[in-house]
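*Asks:* Quick one: sequence and predicted model below, then my questions.
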Amino acid sequence: MLVLTRKSGEQILIGDDIVITVLDSRGDGVRIGIDAPRGVRIQRNEVVRAVEEANVAATADVPDAEERIKALLSARRPDAE
């Protein structure tokens with residue numbers, strides 16, 4: 001990991017087409033701006049992790065899932081009565 005010290009307004013270049021600009025520093029937080037081509041995905045790590053955890057939870061095995069689905073499907077059929 002490369003660790004740099006930058007002041008507000010200073011930039012970091014990544015490759016030929018990504019520029020990170022330090023916009024502001026307050027207390028324990030830093031505001032940055034990222035200029036990158038449209039095809040480059042830029043995501044906050046905590047959001048990606050939260051989505052991954054939600055996806056895992058959504059696919060967790062529910063013990064009576066099959067019976068619940070069958071009940072829902074039969075309730076929707078007009079000839080189920």
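*Replies:* Perfect, I can see it now.

*Asks:* going forward, measure contacts and count neighbours with C-alpha atoms only.
*Replies:* Will do.

*Asks:* Tell me which residue lies nearest the centroid of the chain.
*Replies:* When the chain is reduced to its mean C-alpha position, the nearest residue by C-alpha atoms, centre = their mean turns out to be Val48, at 2.9 Å.

*Asks:* List the buried residues in the strand or helix carrying it.
*Replies:* Secondary-structure assignment from DSSP states H and E places Val48 in helix 45-58. Neighbour-count burial for helix 45-58, with 16 or more other C-alpha atoms under 10 Å as criterion, is recorded at no position.

*Asks:* Output the contacting helices and strands for the following helix or strand past it.
*Replies:* Along the chain past helix 45-58, the next helix or strand (assigned with DSSP H and E) turns out to be helix 65-76. If contacts are counted by 3 or more C-alpha pairs under 8 Å, 6 or more residues apart in numbering; DSSP states H and E, helix 65-76 sits against no helix or strand.

*Asks:* Give me the neighbour count for Gly15.
*Replies:* In terms of burial, Gly15 registers 7 neighbours under the definition other C-alpha atoms under 10 Å.

*Asks:* what's next to the lengthiest strand in the chain, contact-wise?
*Replies:* Longest strand of the chain, by residue count under DSSP state E: strand 18-26. Defining contact as C-alpha atoms under 8 Å, 6 or more residues apart in numbering, one finds that strand 18-26 is touched by 6-14, 30-37.

*Asks:* Quick one, which of the residues you listed are buried?
*Replies:* A residue is treated as buried here by neighbour count (16+ other C-alpha under 10 Å); on that basis the buried members of these are Gln11.

*Asks:* Can you tell me which of the contacts of strand 18-26 end up in strands?
*Replies:* Secondary structure defined by DSSP E assigns 11-14, 30-35 of the contacts of strand 18-26 to strands.

*Asks:* What ranges in the chain fall below the confidence cut-off?
*Replies:* Scanning the chain for pLDDT under 70 picks out the ranges 77-81.
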